[in-house]
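1. Return atomic coordinates for the entry below.
(one chain, ligands or ions: 1)
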Amino acid sequence: MRVLADVKLTMRILVVEDDETLGRAMAQSLTHGGYATDLVGNVADALHALSVENFDAIVLDLGLPDRDGYEVVRNLRRRGLSLPVLILTARDAVEDRVQGLDLGADDYVVKPIAMAELQARLRALIRRSSGASSPSCRIGLLELDTLGKRAYLEGQPLDLSAREWGVLEYLATHSRRIVSKEQLIQALTAWDQELSANAIEAYVHRVRGKIEGSGAIIRTVRGLGYMLEEPDGTR
Ligand code: CA
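-> Numbering: from 1, shown residues only. So this is what the prediction gives:
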């Protein structure tokens with residue numbers, strides 16, 4: 001997609017590592033490398049972070065205190081999220097690598113790892129994943145990259161949380177149709193989370209603000225839900 005190539009994005013990386021010293025060292029190294037980096041120390045926090053933010057890649061330790069790190073990969077792939085996962089682990093048994101790759105991890109690095117190698121591997125993964133052709137949909141001046149899970153307004157990336165993206169994507173793929181709050185709740189809570197109708201209203205409100213000027217509008221259909229539409233003459 002042409003607009004993607006012209007836009008310089010800050011890549012956001014989620015580091016999941018319970019060893020605090022190592023986690024901090026990786027986060028620091030990645031931050032110096034120009035990435036926005038978030039560090040969490042267990043599976044529950046990783047899943048939460050992934051539900052509220054968009055990340056470009058994950059560096060994932062397998063031995064985590066609450067659950068097996070593989071659970072993060074399983075969860076992502078179940079939700080159809082394709083962001084690259086770099087597994088980082090002390091386990092170097094062949095079966096572990098095979099299991100990780102089978103589950104949809106993209107690369108595998110055995111500890112101890114040099115920070116330069118970590119960066120190089122991540123760069124390669126991100127390049128590979130963003131080089132894939134991205135299906136996109138366009139409404140007014142708004143462009144949705146449904147593979148990369150990003151939206152652009154006149155080529156500029158919109159700063160959307162994962163939930164806000166979810167609202168926009170669902171409405172866009174059902175444009176000119178009425179979408180109920182219940183449908184949005186179901187679309188946004190594919191797994192173990194709950195969401196109230198009030199929360200949906202808040203997300204819609206925020207998305208509405210962020211797509212202002214795009215020509216696409218989210219209309220409230222009283223008592224029924226919402227409809228994303230592109231008024232005539234804006235294309
Ligand atoms: Ca660990």
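2. ok, the residue of the chain found nearest the ion - contacts?
-> Per C-beta to the ion, Gly63 is where the chain lies closest to the ion, at 3.7 Å. C-beta: built from backbone N, CA, C; applies to glycine. Counting by C-beta atoms under 8 Å, 6 or more residues apart in numbering, Gly63 makes contact with 18, 69, 89-91.
3. and of these, the nearest to Ile218?
-> Gly69 (37.6 Å; C-beta to C-beta).
4. Touching, the closest one and Val85? I think so.
-> No - using C-beta atoms under 8 Å, Gly69 is not in contact with Val85; the gap is 9.4 Å.
5. Now for those two: what residues contact both?
-> With C-beta under 8 Å, 6+ apart as the test, Gly69 and Val85 both reach Leu60.
6. These two: who's more crowded?
-> Shown here are Gly69 and Val85; by other C-beta atoms under 10 Å, Val85 has more neighbours (28 against 25).
7. ok, what's across the strand from that one?
-> Ile58 (DSSP bridges).
8. so who does it touch?
-> With C-beta under 8 Å, 6+ apart, Val85 has these contacts: 57-58, 60, 72-73, 76, 104-107.
9. Please, a ChimeraX command that selects the buried ones among those?
-> Restricted to buried positions by 16 or more other C-beta atoms under 10 Å, the ChimeraX selection for the contacts of Val85 reads:
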select :57,58,60,72,73,76,104,105,106,107
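10. quick check, nearest of the contacts of Val85 to His205?
-> Using C-beta to C-beta, the contacts of Val85 come closest to His205 at Leu76, 27.8 Å.
11. most residues in a single helix of the chain, which one?
-> helix 115-131 (DSSP state H).
12. So which bits of it are buried?
-> So, applying 16+ other C-beta under 10 Å, buried residues of helix 115-131: 118-119, 121-122, 125-126, 129-130.
13. do stretch 219-235 as well
-> Buried-residue list, stretch 219-235, by 16+ other C-beta under 10 Å: 225-230.
14. in the chain, which spans are helices?
-> 2-6, 20-32, 43-52, 70-78, 94-102, 115-131, 162-173, 181-188, 197-210.
15. wait, what's in contact with the residue sitting nearest the centre point of the chain?
-> Nearest residue to the geometric centre of the chain (C-alpha atoms, centre = their mean): Asn54, 3.2 Å. By C-beta under 8 Å, 6+ apart, the contact list for Asn54 reads 12, 149-150, 160-162, 165.
16. try Glu71
-> By C-beta under 8 Å, 6+ apart, the neighbours of Glu71 are 43, 47.
17. mind checking pLDDT for it?
-> Listed pLDDT for Glu71 reads 92.
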